[in-house]
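**Student:** Test case, fold it:
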Amino acid sequence: MGDSSSLKKGFWYPRKIAVLMVFTATMLSICSQPRSGEISHKCSSSTDVGLALEELIPGMEWAEWYRQTSGYSPDPEYFGAYITLPAGNELYIGLGTGLPSLGDGALIARFDGKSIEPIGVIAEEGIHELIWDHHSNTLHIAGTDPSWPDDWSAGNHYTYVPSGSKIIVKHRDAKRGLVNVIHTWGLWLSDDHVLYAAVNSHDGSFVSDRNLLRRIFDRINWMLNPSYFSTDYGVTRMGQVFKSADNGTSWEYLSDIGYFRAYDIVGFNDKLYAIYTDTPESLCKLAVSSDDGKKWRDVTQNHIQKVHLTQFQDRLLAVSADGESIYTVSEYSLEKHNLPKGLRVGSRYDFNVLAEGNGYLYIISKTENDTYFILRTQDLHDWEQVACADKRLISISYWKAKNWLVVSGAGIHAKLWKIDL
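**Tutor:** Presented below is the predicted three-dimensional model:
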């Protein structure tokens, strides 16, 4: 008989090679697959979830309908629905001539799943914020920026009660209202029906820019020096917080926050959180208040975007300044959750690009090449691609009664889409 060691060697070497080959093939297969949380950047009809964008109203020419209904001319690039708000069996749609705070004209419409009805036109430079009061069945509409003939002695607030007069009611009071407010950027309604507003105000010495020659002069100065508007021609701006206990009819000033603007406010875990900034060029920060908005302190030194704060499960979410992460918020810190590589959320005028629904967080994200993806997650770690588009997407909401996502585009050929979940 031969050497037993030779027999072992002859028997085991092929086995070792075979095992090594299988192991190598397995590792190559694993390495070729996306890591957990990564998303393909290819836009196709085949997505992780297998869903697609369908026109909310097939064949609807939204820009032309807006022109005929409102009397305003939609901006070819920036017209669109910067916010949609589901309320039971109805969907409220906020259409703006252009970007929020840039371009006169806004229209509120109501959609029941089959037909659309205009509710009214408001004299504001765009629209971006709606909230629904389930207790009083009232729609609250933030005044983005008063347009002619209103000046800046007060900001506007609007309400609409479907079971009432069926008209939009304007609340404006230069003594008991949103005094010296230029923009109302964020609204929040507490459980005890107190309404809070995050605004941009001035010191009282700048009331109007409605003179045509002055506006031309100001625009030329702004083009030459983008920081020209930071002081409103020598007039001090600031972020402020107000609250109202009577559905926006009158307002109580609470505090200043930031030297330029306050962009959003929300209550969470018995505290108020607000987004603010100090100059037109500076990045936004997040502040917290434990005394109903009278005093504020920064949560951290991390910077965030002006994308509206969103509650998801039992967490409060903000978007990082670079758009590549979602933060979960606590009183003293922000915990970072990275988005899939190569995707980011938010731009300068994106406010409503996060939505919670059916146990998921849905977001509008985009690549460097401006391909837009709607993603979803249940844990802020693993992401799925729901749908994609090669057009700019500007807002998203979840319509529980229909189990739809509603997504809005921008420009003269803008559409509103649904995604039937």
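**Student:** I'd like to know the beta-bridge partner residues of F312.
**Tutor:** Here F312 sits in beta bridges with R315, going by DSSP bridges.
**Student:** From T377, how far off is it?
**Tutor:** 9 Å (C-beta to C-beta, to the nearest Å). Quick note: C-beta positions are derived from backbone N, CA and C, even for glycine.
**Student:** Please list all residues in contact with the residue nearest to the spatial centre of the chain.
**Tutor:** Nearest to the mean C-alpha position of the chain, by C-alpha atoms, centre = their mean, lies N352 at 2.0 Å. Going by C-beta atoms under 8 Å, 6 or more residues apart in numbering, N352 touches Y82, I83, T84, H128, V307, H308, I394, S395, I396, S397.
**Student:** Likewise for G346?
**Tutor:** Contacts of G346 (C-beta under 8 Å, 6+ apart): Q305, K306, V307, V319, G323, V353.
**Student:** can you do 6 Å?
**Tutor:** By C-beta atoms under 6 Å, 6 or more residues apart in numbering, G346 lies in contact with Q305, V307, V319, G323.
**Student:** Same list (those) but as JSON lines, adding pLDDT and secondary structure.
**Tutor:** Listed next are the contacts of G346 as JSON lines, based on pLDDT from 0 to 100; DSSP: H, G, I helix; E, B strand; the rest coil:
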{"residue": "Q305", "pLDDT": "95", "secondary structure": "coil"}
{"residue": "V307", "pLDDT": "96", "secondary structure": "coil"}
{"residue": "V319", "pLDDT": "97", "secondary structure": "strand"}
{"residue": "G323", "pLDDT": "95", "secondary structure": "coil"}
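**Student:** Pull out the buried residues from those residues.
**Tutor:** Q305, V307, V319, G323 (16 or more other C-beta atoms under 10 Å).
**Student:** now, which of these sits nearest S147?
**Tutor:** Minimum distance to S147 across the buried ones among the contacts of G346 is 24.7 Å, recorded for V307 (C-beta to C-beta).
**Student:** thinking the closest one is in contact with V319, fair?
**Tutor:** Yes: using C-beta atoms under 6 Å, V307 makes contact with V319 at a distance of 4.3 Å.
**Student:** Could you list the low-pLDDT ranges of the chain?
**Tutor:** Scanning the chain for pLDDT under 70 picks out 1-40, 44-50, 205-235.
**Student:** and with 50 instead?
**Tutor:** 1-36, 210-211, 227-234 (pLDDT under 50).
**Student:** all helices for the stretch 51-200 of the chain, in order.
**Tutor:** Assigned by DSSP state H, counting those that start in this stretch, the stretch 51-200 of the chain shows helices spanning 62-70.
**Student:** what are the ranges of the strands in it?
**Tutor:** Along the stretch 51-200 of the chain, the segments classed as strands by DSSP state E, counting those that start in this stretch run 54-55, 80-87, 90-96, 106-111, 116-122, 130-133, 138-142, 154-155, 157-160, 169-171, 178-179, 181-189, 195-202.
**Student:** would you list these in a markdown table and tack on mean neighbour count?
**Tutor:** Shown next, in a markdown table, are those (neighbours: other C-beta atoms under 10 Å):
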| stretch | mean neighbour count |
| --- | --- |
| strand 54-55 | 12 |
| strand 80-87 | 25 |
| strand 90-96 | 26 |
| strand 106-111 | 22 |
| strand 116-122 | 17 |
| strand 130-133 | 18 |
| strand 138-142 | 25 |
| strand 154-155 | 27 |
| strand 157-160 | 23 |
| strand 169-171 | 19 |
| strand 178-179 | 24 |
| strand 181-189 | 25 |
| strand 195-202 | 25 |
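**Student:** which stretch among those comes nearest W65?
**Tutor:** The closest of the strands of the stretch 51-200 of the chain to W65 is strand 116-122. By C-beta to C-beta, the value is 8.0 Å.
**Student:** by how many degrees do that closest one and strand 138-142 diverge?
**Tutor:** 50 degrees (axes from the mean of the first three to the mean of the last three C-alpha atoms, to 10 degrees).
**Student:** Pull the residues that contact strand 116-122.
**Tutor:** Contacts to strand 116-122, defined as C-beta under 6 Å, 6+ apart, come from residues T69, S70, A106, L107, I108, A109, R110, Y158, I168.
**Student:** Would you mind giving the residues you listed as a markdown table with distance to T138 added?
**Tutor:** Output for those, formatted as a markdown table (distance: C-beta to C-beta, whole Å):
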| residue | distance to T138 |
| --- | --- |
| T69 | 23 |
| S70 | 23 |
| A106 | 18 |
| L107 | 19 |
| I108 | 13 |
| A109 | 17 |
| R110 | 14 |
| Y158 | 10 |
| I168 | 11 |
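**Student:** Out of these, which comes closest to N338?
**Tutor:** Using C-beta to C-beta, these come closest to N338 at A106, 35.7 Å.
**Student:** Now do the same contact list for the nearest residue to the closest one once chain neighbours are set aside.
**Tutor:** Leaving aside its sequence neighbours, A106 sits nearest to I127 (C-beta to C-beta, 6 or more residues apart in numbering; 3.9 Å). Shown in contact with I127 (C-beta under 6 Å, 6+ apart): G94, G96, A106, T144.
**Student:** Against P74, how distant is the second one?
**Tutor:** G96 sits at a distance of 9 Å from P74 (criterion: C-beta to C-beta).
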